[in-house]
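>>> Pasting the sequence and the predicted model now:
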Amino acid sequence: MIELKEVSKKYGGRKALDGLTLTLPQGKIIGLVGENGSGKTTLLKLIAGLLTPDSGRATYGGSKITRKIASNLAYMPDTDLFYPCFTVNQLFDFYDTQFADFNPIKAKEIAQFLAIELDSKVKSLSKGNRGRVKIATTLGREADYYLLDEPFSGLDPMVRDDITKGLIRFTDPERQTVIMSTHELKEMEPLLDEIVVLREGRVIAHEAVDEIRDTHGKDATTWMVSLFREGR
Amino acid sequence: MGIDFLPDKPIYQQLIDRITGDIIRGTLIPGEKLPSVRDYAIEAGVNANTMQRVYKELEQLELTETKRGQGSFVTEDESRIARLRDEMKEQLVTSFIQSVEALGFTTTEMTEHLRKRGGEND
């Protein structure tokens, strides 16, 4: 379990996270939504141990999050793949040297599922296929947590569909947790167990998708829009 | 991608409706094996936890049976399926009557119209 208590993080004078408190249970697919600049990426980087809070406490399984969490947690940034001259195979070999939990057989199975040629050079791939390779390298790790920053942004519907199917097929909801930031809430809602809404560096709502529909009688997108209208 | 879901009903409930619909239509026949939770989740584009809940509730409704190590199967209990068909008819008729009453149509004019339409459909 990941717990954040009263966590703040400033960049210069600007507060990216402002006393944020959040508990992320294991075995769920959790969507992180909110406007640009609401703190989604900062939150993900903080959980990944890439940033340390200015104040407050971030813990994983009871102990303070440090860069060492990377051995249990796979973080996928929203930037493009490195190493353009590698073939997909070489990229997988490289990941294998970097991460103890990287499973080349699983990565190749994912690549096959997503119809990626293992001999293609990364730089010769289309943007969509680079997106597919990125998810294959991330899910190729046997991590407890997968943190995905905007995994769908800028990708066409076919690639988004493939990534969704890859996520369902290659993660185990009994023990693995996926936390992903997204602007495509409408499209992603069926994939999510829980939704965390951020605004100005704070959590303004955290609910189960079924609960939103059961108790509020609306889909997640309508619910989120109404939260912002009410200005909570 | 996957299935288009209605906005005002929980997704797991819509998936239960979809599978019971398949049982009533006969697309799924008694004793037929359902896809694995994972495979159905991928097809529908939904979370595996959601699909797990759907399978569990179908089992509680006694519409499916889980055989250890083999998966889920549509019940072979024909009387349970007959009951499901009756429940569905009851639901349809109830919502029909509600709409009819809301608009103030009389029983006579509606039964007359239904008989006319029924004749065309048969």
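Received, thanks.

>>> what's near enough to touch the most centrally placed residue in chain A?
Residue closest to the average C-alpha location in chain A (CA atoms, centre = their mean): A:L148, at 2.1 Å. Residues in contact with A:L148 (CB atoms under 8 Å, 6 or more residues apart in numbering or on different chains) are A:M76, A:I135, A:T138, A:V178, A:I179, A:M180, A:S181. (Each C-beta comes from the backbone N, C-alpha and C, glycine too.)

>>> Quick check on the fifth one: phi, psi?
Translated: A:I179. phi -120, psi 120 (degrees, to the nearest 10).

>>> Report the beta-bridge partners for the residue nearest to it when sequence neighbours are not counted.
In this structure, A:I179 finds its nearest non-sequential neighbour in A:I30, 4.8 Å apart by CB to CB, 6 or more residues apart in numbering or on different chains. Here A:I30 sits in beta bridges with A:I179, A:E194, going by DSSP bridges.

>>> A:I30 reaches A:M188, doesn't it?
No - judged on CB atoms under 8 Å, A:I30 makes no contact with A:M188 at a distance of 10.9 Å.

>>> more neighbours, these two?
A:M188 (24 against 20; other CB atoms under 10 Å in any protein chain shown).

>>> Does the helix or strand where that one lies reach chain B?
Using DSSP states H and E, A:M188 falls within helix A:185-188. Yes - with CB under 8 Å from any CB of the partner chain as the criterion, chain B is reached by helix A:185-188 at A:E187.

>>> counting contacts, what elements does that helix pack onto?
Secondary-structure packing of helix A:185-188 (3 or more CB pairs under 8 Å, 6 or more residues apart in numbering or on different chains; DSSP states H and E): strand A:29-33, helix A:220-230.

>>> Run through who's touching the first one.
Outside strand A:29-33, the residues within contact range by CB under 8 Å, 6+ apart are A:24, A:40, A:43-44, A:167, A:171, A:173, A:177-183, A:185, A:188-189, A:191-198, A:224, B:47, B:49.

>>> Give me the packing partners of the next helix or strand after it, helices and strands only.
Using DSSP H and E, the helix or strand that follows strand A:29-33 in sequence is helix A:40-47. Contact analysis of helix A:40-47 by 3+ CB pairs under 8 Å, 6+ apart lists strand A:2-11, strand A:14-24, strand A:29-33, strand A:55-60, strand A:73-76, strand A:145-149, strand A:177-181 as its packing neighbours.

>>> give me the low-pLDDT residue ranges for the chain?
Using chain A here. A:231-232 (pLDDT under 70).

>>> Hmm, no, I was thinking of chain B.
B:1, B:121-122.

>>> mind redoing it with 90?
Scanning chain B for pLDDT under 90 picks out B:1-9, B:68-69, B:107, B:117-122.

>>> quick one: the strands in it?
B:64-67, B:71-74 (DSSP state E).

>>> Between the ones you listed, which one is closest to A:V122.
strand B:71-74 (39.4 Å; CB to CB).

>>> Alpha carbons only: can I get the closest one in CSV?
The C-alpha trace of strand B:71-74 is given here as CSV (Å, rounded to 0.1, in the frame of the first residue of the first chain):
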residue,chain,number,x,y,z
GLY,B,71,-14.1,-22.3,-15.5
SER,B,72,-17.7,-21.0,-15.6
PHE,B,73,-20.5,-22.7,-17.4
VAL,B,74,-24.1,-21.6,-18.2
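
>>> same for that strand, what does it pack against?
helix B:48-60, strand B:64-67.

>>> 7 Å instead, please
For strand B:71-74, the packing partners by 3 or more CB pairs under 7 Å, 6 or more residues apart in numbering or on different chains; DSSP states H and E come out as strand B:64-67.

>>> So for the strand it packs on, what gets flagged as buried?
Within strand B:64-67, the residues that qualify as buried are B:T64, B:E65, counting by 16 or more other CB atoms under 10 Å in any protein chain shown.

>>> Sheet partners, orientation included, of it?
strand B:71-74 (antiparallel).

>>> Pull out the buried residues from the strand it pairs with.
B:G71, B:S72, B:F73, B:V74.

>>> Can you pull out the residues in contact with it?
Applying CB atoms under 7 Å, 6 or more residues apart in numbering or on different chains, the external contacts of strand B:71-74 come out as B:23, B:28-34, B:36, B:55, B:64-67.

>>> Let me have the residues you listed in a markdown table, adding distance to A:G217 as columns.
Shown next, in a markdown table, are these (distance: CB to CB, whole Å):
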| residue | distance to A:G217 |
| --- | --- |
| B:I23 | 27 |
| B:L28 | 30 |
| B:I29 | 35 |
| B:P30 | 35 |
| B:G31 | 37 |
| B:E32 | 34 |
| B:K33 | 35 |
| B:L34 | 29 |
| B:S36 | 32 |
| B:Y55 | 25 |
| B:T64 | 28 |
| B:E65 | 33 |
| B:T66 | 32 |
| B:K67 | 37 |
